[in-house]
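>>> Fold the following and give me the result.
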Amino acid sequence: MWLSPRHTSRFAIPSRWNAPPRAWQHSAGPPHGLNIALCVPLGGSAGIWGPSALSCARLAVAELNRHSGIAGQVCRLVTVNAADDAPDIEETLLDLVGSGDVDALVGMHTSAVRQRIVRAVGGQVPFVYTPLYEGGEDTPGVFAIGETARRQLQPAIQWLGEHKQPRRWLAVGNDYVWPRVSHSLAQHYIADAGGELVAQTYVPFGTSDYSQVLDQLRKSRIDAVLVSLVGQDAIDFNRAFGRSHLSGQMLRLSCAIDENELLGIGAENTENLYVSCGYFSSLDTDANLAFKERYYNHFGERAPTLNTLGQSTYEGVHFLAALLKGALDSPAHWNDLGKAPMVYQSARQGAYAGDGVNHTPIYLARAEGNVFRVITRF
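I've put the predicted structure just below:
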């Protein structure tokens, strides 16, 4: 199966696993079952991502354990707070991995946290990183399966250029790697679409006052805003943007505003807000309709709102299960971990083509009040 670079994400696999992770080296598999450290933000700017991410991962574990677990091993989740302001992420994971209390990681958090985790325990156990990100992760043993900035931004900016014709753009984002790489890429895509990225503005996590950014938008006669803020910061900015009555004059594009944040922003503040990503809960696909039915049957109608970041942990746990299938039976199988194509359960029809190439669709949606209406698939 060949997938064009436009529709794929690539990540590194170890050139050779000489043995399973340390916790597994003295048995055919983890003697205690298989424990997965689920790293999600439980507070801070991205804390709003936590409830749906926890629920979706728990659903995946329940589904696996109803059958044969992961490669015949019952699997369990060990929750780790991966908020950007959590000071002890490295120490916690070093203890868990070093003691053999966890056998793999599934992470849904910012790239700033991913870099901290990789520096601490990268390569010691398989690490599936699930959310959208800037691209380029090449640490052996780290499998980044989410959408990349290149795949989200290029077609969305091209579509907006053709249909809305914005000329002057401003990018605002939190001050870390994902927004900075995204904006660097966007500058070229905007130029290709006949526009100009006039300015880039970065703010710390936890910023709530955006009056200076709004003044800059007015004075610079901006037509479109690329919003690369996360969680509560995205909510606060878009609320202020809506109150400033700028939405009739300029559109907004984001790669990371989900259904939870949309509810927080408020229907009155969502005019001309577009989002490009790999999943929306409103998708009318067989895979998503079946996923939603299983999710609400398991947790009830008052379950946390489904969204792209939450469903990514469901996909990540199932990806890990497919990745490890057969590897627990023989250490020799670790030599080929991630090389072959594989099928895994996905709400957004993700597909792994082998040799580090993962594919997910990209959709462009427009906010209509408190819901996203999908416009097109790229």
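
>>> quick check, R119 in a strand?
No - according to DSSP: H, G, I helix; E, B strand; the rest coil, R119 belongs to no strand; its state is helix.

>>> Please name the residues that touch it.
Counting by CB atoms under 8 Å, 6 or more residues apart in numbering, R119 makes contact with E90. In short, each C-beta sits where N, CA and C put it, glycine included.

>>> same deal with V227?
For V227, the contact set (CB under 8 Å, 6+ apart) comprises V172, G173, A234, F237, N238, R252, L253, S254, I257.

>>> Generate a ChimeraX selection restricted to the buried entries among those.
Per 16 or more other CB atoms under 10 Å, the buried members of the contacts of V227 correspond to this ChimeraX selection:
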select :172,173,234,237,238,252,253,254,257
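
>>> a markdown table please, covering the contacts of V227 and showing secondary structure.
Output for those, formatted as a markdown table (three-state DSSP):
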| residue | secondary structure |
| --- | --- |
| V172 | strand |
| G173 | strand |
| A234 | helix |
| F237 | helix |
| N238 | helix |
| R252 | strand |
| L253 | strand |
| S254 | strand |
| I257 | coil |
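
>>> Can you tell me which of the contacts of V227 lies closest to S184?
Distance to S184 across the contacts of V227 (CB to CB) is lowest for G173, with 11.1 Å.

>>> Not counting sequence-adjacent ones, nearest residue to that closest one?
Leaving aside its sequence neighbours, G173 sits nearest to P179 (CB to CB, 6 or more residues apart in numbering; 2.7 Å).

>>> Could you check the pLDDT of the one you found?
Note for P179: predicted pLDDT of 98.

>>> Buried residues, the helix or strand harbouring it. List them.
Using DSSP states H and E, P179 sits in helix 177-192. Buried residues in helix 177-192, counting neighbours by 16+ other CB under 10 Å, are found at V177, W178, P179, R180, V181, S182, H183, L185, A186, Q187, Y189, I190.

>>> what packs against that helix?
Using 3 or more CB pairs under 8 Å, 6 or more residues apart in numbering; DSSP states H and E, the elements in contact with helix 177-192 are helix 111-121, helix 149-163, strand 168-174, strand 196-203, strand 224-228.

>>> out of the ones you listed, which comes closest to I265?
That would be strand 224-228 among the helices and strands packed on helix 177-192, by CB to CB, at 10.6 Å.

>>> Name every strand pairing with that closest one and say which way it goes.
If you go by DSSP bridges, strand 224-228 pairs up with strand 168-174 (parallel), strand 251-254 (parallel).

>>> rewinding a little: which residues sit in contact with the residue nearest to G173?
Listed by CB under 8 Å, 6+ apart, the contact set of P179 reads A171, G173, Y202, S228, L229.

>>> and the nearest residue to the fourth one once chain neighbours are set aside, what does it touch?
So that's S228. Distance criterion CB to CB, 6+ apart; nearest residue to S228, sequence neighbours excluded, is G173 at 3.2 Å. Shown in contact with G173 (CB under 8 Å, 6+ apart): P179, R180, S182, H183, Q200, T201, Y202, V203, L226, V227, S228, L229.

>>> Could you tell me the angle between the helix holding P179 and strand 168-174?
Calculated by axes from the mean of the first three to the mean of the last three CA atoms, to 10 degrees, helix 177-192 forms an angle of 170 degrees with strand 168-174.

>>> CA atoms of helix 177-192 as CSV?
What follows is helix 177-192 as a C-alpha-only set of coordinates in CSV (Å, rounded to 0.1, in the frame of the first residue of the first chain):
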residue,chain,number,x,y,z
VAL,A,177,7.8,24.0,19.6
TRP,A,178,4.4,23.1,18.0
PRO,A,179,3.2,26.7,17.3
ARG,A,180,6.6,27.9,16.2
VAL,A,181,7.1,25.0,13.7
SER,A,182,3.5,25.3,12.5
HIS,A,183,3.8,29.0,11.9
SER,A,184,7.1,28.6,10.0
LEU,A,185,5.4,26.1,7.7
ALA,A,186,2.3,28.3,7.4
GLN,A,187,4.3,31.2,6.2
HIS,A,188,5.2,29.3,3.0
TYR,A,189,1.6,27.9,2.5
ILE,A,190,0.1,31.4,2.9
ALA,A,191,2.5,32.8,0.3
ASP,A,192,1.7,29.9,-2.1
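
>>> What residues of stretch 102-112 count as buried?
Buried residues in stretch 102-112, counted by 16+ other CB under 10 Å: V102, D103, A104, L105, V106, G107, M108, H109, T110, S111.

>>> These in strands, which ones?
The strands, defined by DSSP state E, take in A104, L105, V106, G107 from those.

>>> pretty sure the first one contacts L320?
Yes - applying CB atoms under 8 Å, one finds A104 in contact with L320, separated by 5.7 Å.

>>> Overlap in contacts, these two.
In contact with both A104 and L320: I36, P126, V128, using CB under 8 Å, 6+ apart.

>>> From the contact counts, what lies against the helix or strand hosting T92?
Assigned by DSSP H and E, T92 falls within helix 89-98. Applying 3+ CB pairs under 8 Å, 6+ apart, one finds that helix 89-98 contacts strand 34-40, strand 75-81, helix 111-121.

>>> what's the most buried one of the ones you listed?
Comparing these by mean neighbour count (mean count of other CB atoms under 10 Å), strand 34-40 ranks first with a mean of 25.

>>> I'd like the average pLDDT over that one.
Mean pLDDT, strand 34-40: 97.

>>> same question, stretch 282-300
Mean pLDDT, stretch 282-300: 97.

>>> Model confidence at L328, what's the number?
What the model reports for L328 is a pLDDT of 65.

>>> Against F372, how distant is C277?
For C277, the distance to F372 (CB to CB, to the nearest Å) stands at 9 Å.

>>> And for F205?
Look at F205 and F372: by CB to CB, they are 25 Å apart.

>>> quick one, which of these two is more surrounded?
The neighbour count for F205 versus F372, taken as other CB atoms under 10 Å, is higher for F372 (27 against 20).
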